[in-house]
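# Please work out how this folds:
(4 chains)
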Protein chains: 2
Amino acid sequence: MIDKRQHLLETALQLFYRNGVQAVGINEILKTSGIAKKTLYHHFASKDDLVIAALNARDEKFCNWFESLLKGSKSNSEMTERMFDGLSQWFNNKVDSLDGFRGCFFINTSAEFSDANNPISIRCKEHKQRIKTIIASHLVKADESYLESLCTLKEGAIVLAYVCDDKQAAEKARDTARKLINN
Amino acid sequence: MIDKRQHLLETALQLFYRNGVQAVGINEILKTSGIAKKTLYHHFASKDDLVIAALNARDEKFCNWFESLLKGSKSNSEMTERMFDGLSQWFNNKVDSLDGFRGCFFINTSAEFSDANNPISIRCKEHKQRIKTIIASHLVKADESYLESLCTLKEGAIVLAYVCDDKQAAEKARDTARKLINN
DNA sequence: CAATAGGTAGACAGAGTGGTCTACTTTGCA
DNA sequence: TGCAAAGTAGACCACTCTGTCTACCTATTG
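Numbering: from 1, shown residues only, chains lettered A, B, ... in the order given. Okay, the predicted model is just below:
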């Protein structure tokens, strides 16, 4: 029984991330997953409910990857290298667990839902905060200013990688971050 | 005759930017503008055509604002201050010509259209390149590395301002940029 | 075995989509 | 004035959307 729900969710996440939430209707998810509509509505109250679940699943997946990426960093410098190396891997489709790169699911979904009070928008914001917390927890030497810089550079790199198809966006952002450590 | 087209375009841009391209159907644009459907299709071949026109209009508007913002900078430092001050104004809804802040229309639209070969996606990318060119043209002292940093910080600040509702995103990015000028 | 839970194919419903078209009116210009 | 261009309200079309529901099947458990 739990398998059907999981299968639905994974299919939905994949389609949503690849094409956008509004561009994918539930009939497409059903067709792709081979699961009946009633089953979908048995597990999820609505499409929005499914979107939230997809966001949760992606958040879990991304944060797990990110956490393991930064784990064990011995210095801020090492953590910085790991982070941007990881981002570069992601941008260039070398992280199996994260699917093919199509920008950030949370930025994309946030763009599709303009109401900041919508639980979907709120969920996207929470993801960003969670990532920031993860980075902060791996800063060997606490540095609030550097943390802000890293978060800004990370988002900027993601956007440039996706919108501008800049394969070197992570490397450029890393070069910038390297200059900040000496300050 | 040209006024109807302009009125349609402005209405469409406003609705698209505020709510998202796919969330706004042409019937809503017609209702809001008070213009007949046949007139819309007289001026624009399709909805996609209207979206492209809206992107063009926004590009023009934004680049004009951005250009005048940076114009006359006497140093890289001054240009940097101007840029991030301007971004802060924008994020906090103090730029009349740019409507209420809802992230970047090009990032948002790019998120909604996943096919990188779609003219819409291409147009979004072109906007980013054009902005980069404007920044470069106002760098008093040429510095390729600094240019890349500025572009990354700018995109990052926009995302944090929108997704995370961080009203200080521009200030934080500016603080980061300030540290880079001394390098 | 019976009841419950989970699942199936697919019909149905109302609302909405982007685009085409009819019949008519208004505007602009020679 | 007459004609072409621009514009109007709105009907129509095929299709899609999300969600509800029917009738039935399968699996599990007491």
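# Around DNA strand C, which positions in chain A sit nearby?
Counting by Cβ under 7 Å from any atom of the strand, chain A comes close to DNA strand C at A:1, A:3-5, A:34-39, A:42-43. All C-beta atoms are positioned from the backbone trio N, CA, C, and that covers glycine.
# what do you get if the cut-off is 6 Å, keeping everything else the same?
Proximity of chain A to DNA strand C is confined to A:1, A:4, A:35-39, A:42 under the rule Cβ under 6 Å from any atom of the strand.
# neighbour-wise, which of those residues leads?
Counting neighbours by other Cβ atoms under 10 Å in any protein chain shown, residue A:35 leads these with 18 neighbours.
# okay, residue A:182: pLDDT?
Note for residue A:182: predicted pLDDT of 62.
# what packs against whichever strand or helix holds residue A:170?
In this assignment (DSSP states H and E), residue A:170 forms part of helix A:169-181. Applying 3 or more Cβ pairs under 8 Å, 6 or more residues apart in numbering or on different chains; DSSP states H and E, we find helix A:169-181 packed against helix A:76-91, helix A:144-163, helix B:144-163, helix B:169-181.
# Quick one: distance of whichever helix in chain A runs longest to the chain centre.
Longest helix of chain A, by residue count under DSSP state H: helix A:47-70. With Cα atoms, centre = their mean, to the nearest Å as the basis, helix A:47-70 stands 7 Å off its chain's centre.
# same deal with stretch A:83-99?
In terms of Cα atoms, centre = their mean, the centre of stretch A:83-99 is found 11 Å from the chain centre.
# sec struct for residue A:140, please.
Applying DSSP: H, G, I helix; E, B strand; the rest coil to residue A:140 yields a three-state assignment of coil.
# wait, it sits on residue A:75?
Yes - contact criterion Cβ atoms under 8 Å: residue A:140 and residue A:75 qualify, at 5.2 Å.
# List the buried residues for stretch A:68-76?
For stretch A:68-76, the neighbour count (16 or more other Cβ atoms under 10 Å in any protein chain shown) marks A:69-70, A:73, A:76 as buried.
# Can you give me the first-to-last residue distance of it?
16 Å (Cα to Cα, to the nearest Å).
# Could you tell me the average pLDDT over it, please?
Stretch A:68-76 carries an average pLDDT of 95.
# Check whichever residue of chain A sits closest to DNA strand D and give its pLDDT.
Of all residues in chain A, residue A:25 sits closest to DNA strand D, at 2.7 Å by Cβ to the nearest atom of the strand. pLDDT, the model's per-residue confidence, is 96 for residue A:25.
# Among the helices and strands packed on helix A:169-181, which comes closest to residue B:122?
Residue B:122 lies closest to helix A:144-163 among these, at 10.5 Å (Cβ to Cβ).
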